[in-house]
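1. Provide a 3D model corresponding to the input given below.
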Amino acid sequence: MNFRTSIKLIFAGILVSLALPVTAHSAAKIKALATFSILGDMVQRIGGHHVVVTTLVGPNGDTHVYRPTPAAAKAVNEADILIVNGLGFEGWLDRLVGSAGFDGSLVVATTGIEAIPYEEGDAHDDHAKDKHEEHSKDKHHDDHAKDKHEEHSKDKHHDDHAGHDHGTFDPHAWQSLENAKIYVNNITAALAQIAPENAKTFYQNRSAYIAEIERLDKKIREMIAHIPQDRRTVVTSHDAFKYFERDYGLTFLAPQGMSTDSEASAQDVAQLIKQMREKKISAIFIENITDSRLIKQIAKETGVTIGGTLYPGALSGPNGSASTYLKMFHHNAKILIGALGA
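-> Okay, here's the model as predicted:
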């Protein structure tokens with residue numbers, strides 16, 4: 001081996017060694033942390049093999065009553081991106097993020113949606129419902145809702161008392177497929193900003209996902225159109241389906257309020273039983289994240305057969321009927337429509 005050949009080999013080795021860190025960096029996956037299973041599934045669908053997704057509250061877990069652990073703080077600290085629902089859903093979040101020293105990208109998936117104002121008693125109060133519909137038509141409502149939410153989130157008093165406070169608006173916005181498209185857009189834009197070299201893939205995944213969402217929405221609307229107007233009332237454990245109600249023209253009643261951590265009063269339960277008897281409501285469901293005893297008691301009192309299990313805020317396990325967001329939504333719609341007689 002002559003001197004010139006040796007120099008060429010050394011130079012080539014240097015080039016290879018310089019190239020290795022660049023290759024490793026470009027192949028690095030985004031560490032994405034989602035607060036609960038529905039968001040985690042959305043992030044996985046969009047990010048594909050470019051992301052490693054972890055969720056704080058897993059399948060069949062109740063985000064309402066979640067208590068962060070040291071492991072959760074470690075996961076937050078190590079995440080490149082933290083995807084949250086917002087609208088006060090994760091009342092424990094501000095304190096967790098503050099204690100974890102998080103310095104990645106924080107994405108509020110509900111940014112831009114038209115949030116439903118919440119008033120205690122909406123589940124049984126027609127006047128409250130009328131007031132909500134009037135307020136929703138106000139063209140300034142969306143900006144007002146967003147501004148008020150941001151102001152509320154920054155308030156120290158809110159942070160200190162946020163364990164189960166959902167604030168002014170209904171946080172269960174994923175119960176609308178129209179809203180789901182906004183979730184998907186926000187997540188896609190955030191991932192593309194972190195890894196612009198993979199942006200094309202993220203947006204391709206987004207397009208395919210949006211198409212599936214729109215097909216499912218069309219299918220559900222066609223099925224619900226056949227339900228008589230006097231058979232569109234449903235009873236479930238807690239007040240988590242107002243966005244579904246708004247989009248598809250059903251009415252949901254619940255003994256519990258917006259959070260599963262709230263307790264139904266004896267008066268509320270008695271009023272609900274009275275409504276069911278008077279209006280001959282025959283569609284009642286338990287939920288995967290709530291204690292089923294109260295619903296079973298109401299079913300027994302009214303003689304109504306429980307129609308199955310709904311998934312209001314968490315996916316099932318991988319082998320269940322609601323293992324992804326779209327499967328969950330389809331499952332809920334299918335058993336609701338079946339119980340209502342369509």
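2. From what I see, Ala180 and Thr324 are in contact.
-> No - counting by Cβ atoms under 8 Å, Ala180 stays clear of Thr324, with 11.9 Å between them. No exception for glycine: its C-beta is placed from N, CA and C like everyone else's.
3. Give me the nearest residue to Ala199, chain neighbours excluded.
-> Ala192 (3.8 Å; Cβ to Cβ, 6 or more residues apart in numbering).
4. So which of Ala180 and Thr324 has more stuff around it?
-> Ala180 (26 against 17; other Cβ atoms under 10 Å).
5. Just list the residues touching that one, thanks.
-> 42, 174, 213, 325, 329 (Cβ atoms under 8 Å, 6 or more residues apart in numbering).
6. Which secondary structure element is home to it?
-> helix 177-194 (DSSP states H and E).
7. what is the orientation angle of the helix or strand following that helix with helix 177-194?
-> Proceeding N to C from helix 177-194, the next assigned helix or strand is helix 199-224, under DSSP H and E. Computed by axes from the mean of the first three to the mean of the last three Cα atoms, to 10 degrees, the angle separating helix 199-224 from helix 177-194 equals 170 degrees.
8. So which elements touch helix 199-224?
-> Contacts defined by 3 or more Cβ pairs under 8 Å, 6 or more residues apart in numbering; DSSP states H and E place helix 199-224 against helix 37-47, helix 177-194, helix 242-248, helix 325-340.
9. do you know which of those helices lies nearest Asp170?
-> helix 242-248 (5.0 Å; Cβ to Cβ).
10. Outside of the closest one itself, list whatever touches it.
-> Taking Cβ under 8 Å, 6+ apart as the rule, helix 242-248 contacts 116, 118, 122, 136, 170, 172-179, 220-221, 224, 250-252, 332-333.
11. right, and the helix or strand after that helix?
-> Counting by DSSP H and E, what follows helix 242-248 is strand 251-253.
12. Using neighbour counts, pick out the buried residues of that next one.
-> 252-253 (16 or more other Cβ atoms under 10 Å).
13. what distance separates it from the centre of its chain?
-> 19 Å (Cα atoms, centre = their mean, to the nearest Å).
14. just to revisit the earlier point, write the PyMOL selection for whichever of the contacts of helix 242-248 are buried.
-> Remark: buried members of the contacts of helix 242-248, expressed as a PyMOL selection using 16+ other Cβ under 10 Å:
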select buried, resi 116+118+122+170+172+173+174+175+176+177+179+220+224+250+252+332+333
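15. ok so, going back, deepest-packed of the helices and strands packed on helix 199-224, please.
-> Ranked by mean neighbour count under mean count of other Cβ atoms under 10 Å, the helices and strands packed on helix 199-224 are led by helix 37-47, which reaches a mean of 25.
16. could you point out which element follows that one?
-> strand 51-57.
17. what lines up beside that following strand in the sheet?
-> strand 30-36 (parallel) (DSSP bridges).
18. Helix 37-47 and the partner strand, what's the angle between them?
-> Going by the same axes, to 10 degrees, strand 30-36 makes 150 degrees with helix 37-47.
19. Run the chain-centre distance for strand 30-36.
-> Centre to centre, stretch against its chain (Cα atoms, centre = their mean), the figure for strand 30-36 is 13 Å.
20. what is the rounded mean pLDDT of that strand?
-> The average pLDDT within strand 30-36 is 98.
21. got a list of contacts for it?
-> By Cβ under 8 Å, 6+ apart, strand 30-36 touches 40, 42-43, 47, 50-57, 61, 63, 75-76, 78-85, 89-90, 93, 191, 194-195, 313-314.
22. hmm, back to that, the residue nearest to Ala199 and Thr201 touch, don't they?
-> No - here Ala192 does not reach Thr201: they are 9.3 Å apart, not a contact under Cβ under 8 Å.
23. Where does Ala322 sit: helix, strand or coil?
-> coil (DSSP: H, G, I helix; E, B strand; the rest coil).
24. pLDDT at it, what is it?
-> For Ala322, pLDDT reads 97.
25. same deal with Lys8?
-> So Lys8 comes in at 47 (pLDDT).
26. Show me where this protein dips below the pLDDT cut-off.
-> Within the chain, the ranges that satisfy pLDDT under 70 run 1-27, 119-167, 257-262, 342.
27. where does the residue nearest in space to the middle of it sit relative to Pro318, distance-wise?
-> With distances taken as Cα atoms, centre = their mean, Trp174 lies nearest the centre of the chain, 4.6 Å away. According to Cβ to Cβ, to the nearest Å, Trp174 and Pro318 sit 19 Å apart.
28. before we move on, what about Lys327?
-> For Lys327 relative to Pro318 (Cβ to Cβ), the value is 11 Å.
29. and what of Ser99?
-> Ser99 is 31 Å from Pro318, by Cβ to Cβ.
30. more neighbours, the two?
-> Ser99 (14 against 8).
31. How about the contacts made by that one?
-> Here Ser99 is in contact with Ala73 (Cβ under 8 Å, 6+ apart).
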